[in-house]
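In: Okay, predicted coordinates and the sequence, questions at the end:
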Amino acid sequence: MSTDYLILGARLLGEEPADLVLRDGVIASLGADTAHPRDGVELVTVDADGLLALPGLVDLHTHLREPGREDTETVLTGSRAAAAGGFTAVHAMANTTPVADTAGVVEQVHRLGIDAGYVDVRPVGAVSVGLEGTRLAELGAMASSAAGVRVFSDDGHCVDDPVLMRRALEYVKSFDGVIAQHAQEPRLTVGAQMHEGVVSAELGLAGWPAVAEESIIARDVLLAEHVGSRLHVCHLSTAGSVDIVRWAKARGIDVTAEVTPHHLLLTDEQARSYDPRYKVNPPLRTAEDVEAVRAGLADGTIDVVATDHAPHADEDKDCEWPAGAFGMTGLETALPVIQATMVETGRLTWADVARVLSTTPARIGRVSGQGRPVAVGEPANLTLIDPAARRRVEPAAQVTRSRNTPFAGTELPGRVVATFLRGRATVYDGAPVAHEEVNA
Ligand SMILES: NC(=O)N[C@@H](CC(=O)O)C(=O)O
C-alpha cells in the first residue's frame, strides 16, 4: 500500500509555517491542509511544529567503500547514514577496490544504490586508470553508462601530471562533466602526517604544507581557463586556496570549490592528542585557515559544503598517529556542524545552507530532480530538521558502519527528524526506516 504524507506546520525557508502534502513522489500542495484520504492509500500525518523543511541535502564527496571494504561501509549502510544526516543524494567516490574506473564498476555502484533505496547514489568515475595518474580512464564510457557519470575524480590521489589533467578537462567538456581535483602536490607531501606549521614542528610529525594544496589549485584554475572547461576543487582547506579561487572567479574561470565540515570547525591543535581520529587528508589547518574558509563560504567563494565521509576500521584508527589512516566520517554530523559554525554565528541563513548543501552541489553534479526548492510540483526530496535540539555525538549510536568521527562526545545543535526521497520516508521519527520498507 502506498503512503501520502501530510506534514503539518513546517517552517519553510523565509516563509510562514505551512502544511505540505507529499503524494505520488511530488509536493502536491503547500499551504493550508488540503489532504484528503485516497482509496487504497494510507495517509500519515506528521506534526512538524517547530521543524524546518529543507530541500534534501546532496553530498558531492562520500566514500561508500563498496566494492572492497564492506567491513567499513557499504552502499546500503552509507546511504542509510546519509539519509539519517538529511541527504537525498550522494556522490560515491571512486577509490574503491576495484577502482571505479570502468563503466562496469560505476554501473555496479549505481545499481547497489537503487537496491538500497535510501538516497540517489551517483557514482564518481576515476580520472585515471587505477588512480595511478598515468593513463586516462574510460571517461566517455562511464558518462554514457547507465550510471550517467558527470563527476570524475582521483580523490585520495592528485592528478598531478599537468598533461593528463589538461586532457581530462578537455575530454569531459563533450558530456558536460567536471573534474573534481584532490589538490595535493605529491612531492611536497611525501610522508606527511599533518599540517606543516608550529604544531607539527613541536610534535615531530612530518608536515603537509599549505603550498602543496595551493600550487595545484593555482595550476588547475589556469588549465581550466586555458581549455575552457569546468573544474571543481575538493576539500579546500587553506586561506591561500580561498584567495586563489576568489581570484579565479573574478577572472571568470569556471571553477567551484567545496569545504568540509571538519575544516570549518577543527584545527591542527587537535593533533596534540596524538589521536588518529583527527588525522585526515587534507589535514586540519590553523585557526586562521578556519576563519578564512568560513569567510570564503559566507561570501560565496566556496560554493558548497561536502562531507568527505571517509569511514575506517577501528584497527586503522586505534593505533599510533603515523600508522593511522587518513579520514573521518561526516554524513551524520555535517548539518549540525554547519549550524554551529555558520548559522549560529550569523554567517549563513538557512536559505544559504540549502544553497551550499543542496542546490549548488546538485547543479555541479548535474543531478536531476535534486536540489530543487520545497515547492508545489517539485520532487518530494526534503528533510525535516529540529534546529532547537542539541545532542552529544555518540559514535556507537551512529548509523554508519564505522566509528571514526572526530566529534565523539561533542554537543552539536540540530537533529534530522524525517527525510523523504521522492515522497517516501527514508528517516522517520529520527530513525532510518527499515530497508524492506524503503525499497518495497
Ligand atoms: N579524506 C581522507 O582523509 N581520506 C580519504 C581519501 C583521501 O582523500 O585521502 C579516504 O578515502 O579515506
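Out: Yep, it's here.

In: What segments of the stretch 51-200 of the chain are strands?
Out: Taking DSSP state E, counting those that start in this stretch, the strands of the stretch 51-200 of the chain run over residues 52-55, 57-62, 87-92, 120-123, 151-152, 178-181, 194-195.

In: Check the offset of the last one from the chain's centre.
Out: Think strand 194-195. 22 Å (Cα atoms, centre = their mean, to the nearest Å).

In: Which residues does it contact?
Out: 200, 203, 205-208, 210, 268, 271, 279, 283-286, 321 (Cβ atoms under 8 Å, 6 or more residues apart in numbering). Glycine gets a C-beta too; all of them are placed from N, C-alpha and C.

In: ok, of these, which come out buried?
Out: Buried residues within the contacts of strand 194-195, counting neighbours by 16 or more other Cβ atoms under 10 Å: 200, 205, 207-208, 210, 268, 271, 279, 283-286, 321.

In: Could I get the buried residue list for stretch 400-407?
Out: 400, 401, 402, 403, 404, 405, 406, 407.

In: Looking at the residues you listed, which are in strands?
Out: Here DSSP state E is the test, and the buried residues of stretch 400-407 give no hits in strands at all.

In: Near the ligand, which residues of the protein are found?
Out: 63, 95, 155, 156, 182, 280, 281, 308, 310, 326, 327 (Cβ under 6 Å from any ligand atom).

In: Could you rerun that using 5 Å?
Out: Proximity of the chain to the ligand (Cβ under 5 Å from any ligand atom) is limited to residues 63, 156, 280, 281, 308, 310, 326, 327.

In: Touching, the fifth one and residue 235? I think so.
Out: Translated: residue 308. Yes - in this structure, residue 308 is within contact of residue 235 by Cβ atoms under 8 Å, at 5.2 Å.

In: neighbour-wise, which of these two wins?
Out: Shown here are residue 308 and residue 235; by other Cβ atoms under 10 Å, residue 308 has more neighbours (28 against 25).

In: measure that one to residue 359 for me?
Out: 20 Å (Cβ to Cβ, to the nearest Å).

In: what about residue 377, neighbour count?
Out: Using other Cβ under 10 Å, residue 377 has 10 neighbouring residues.

In: pretty sure residue 356 belongs to a strand, no?
Out: No - using DSSP: H, G, I helix; E, B strand; the rest coil, the assignment for residue 356 is helix, not a strand.

In: one step back: would you list the strands of the stretch 51-200 of the chain in TSV and tack on mean neighbour count and mean pLDDT?
Out: Below are those laid out as TSV (neighbours: other Cβ atoms under 10 Å; pLDDT from 0 to 100):
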stretch	mean neighbour count	mean pLDDT
strand 52-55	24	98
strand 57-62	30	98
strand 87-92	31	99
strand 120-123	27	98
strand 151-152	28	99
strand 178-181	27	98
strand 194-195	23	98
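
In: Output those strands in TSV, with distance to residue 346 appended to each entry.
Out: Converted to TSV, those look like this (distance: least, Cβ to Cβ, whole Å):
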stretch	distance to residue 346
strand 52-55	17
strand 57-62	21
strand 87-92	25
strand 120-123	33
strand 151-152	32
strand 178-181	30
strand 194-195	28
